[in-house]
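Visitor: the amino acid sequence is not available; the structure is as follows:
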């Protein structure tokens, strides 16, 4: 799914990365613990989170995440926008909850990032 279609589905506002809107997103990871995202992410995926701080953008950069969507209307800070622009990461905001956002993306055919089971 193109990031443009994804943003329309989530009724998201685009804060930066408008040049990336033709990028294809195949996987979604969602969470507020960046330690979990570090383990359960895949390059060129979408990150859904309610956490709004610089660590989110730095994590997205390290993992080559294509875009971050902040849920519940949360907005990125100016510092976050500046870093995301430098790193080519799209930042978006939706007013939808994490649960609803994940459900909509799942219904649209996006896959969960494959997760190894705990032993």
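Guide: Good, I have the coordinates. Quick caveat, the model's predicted, so the values are computed rather than measured.
Visitor: separation between residue 52 and residue 74?
Guide: From residue 52 across to residue 74, the span is 5 Å (CB to CB, to the nearest Å). (Glycine included, C-beta is placed from N, CA and C.)
Visitor: same thing with residue 55?
Guide: For residue 55, the distance to residue 74 - CB to CB - is 14 Å.
Visitor: go on, residue 49?
Guide: Distance, residue 49 to residue 74, using CB to CB: 9 Å.
Visitor: run through the strands of this protein in chain order.
Guide: In the chain, the strands defined using DSSP state E lie at 13-16, 27-30, 46-49, 67-70, 90-93, 111-112.
Visitor: rebuild these as JSON lines, extending it with mean neighbour count.
Guide: Conversion of the strands of the chain to JSON lines gives the following (neighbours: other CB atoms under 10 Å):
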{"stretch": "strand 13-16", "mean neighbour count": "18"}
{"stretch": "strand 27-30", "mean neighbour count": "21"}
{"stretch": "strand 46-49", "mean neighbour count": "24"}
{"stretch": "strand 67-70", "mean neighbour count": "25"}
{"stretch": "strand 90-93", "mean neighbour count": "24"}
{"stretch": "strand 111-112", "mean neighbour count": "14"}
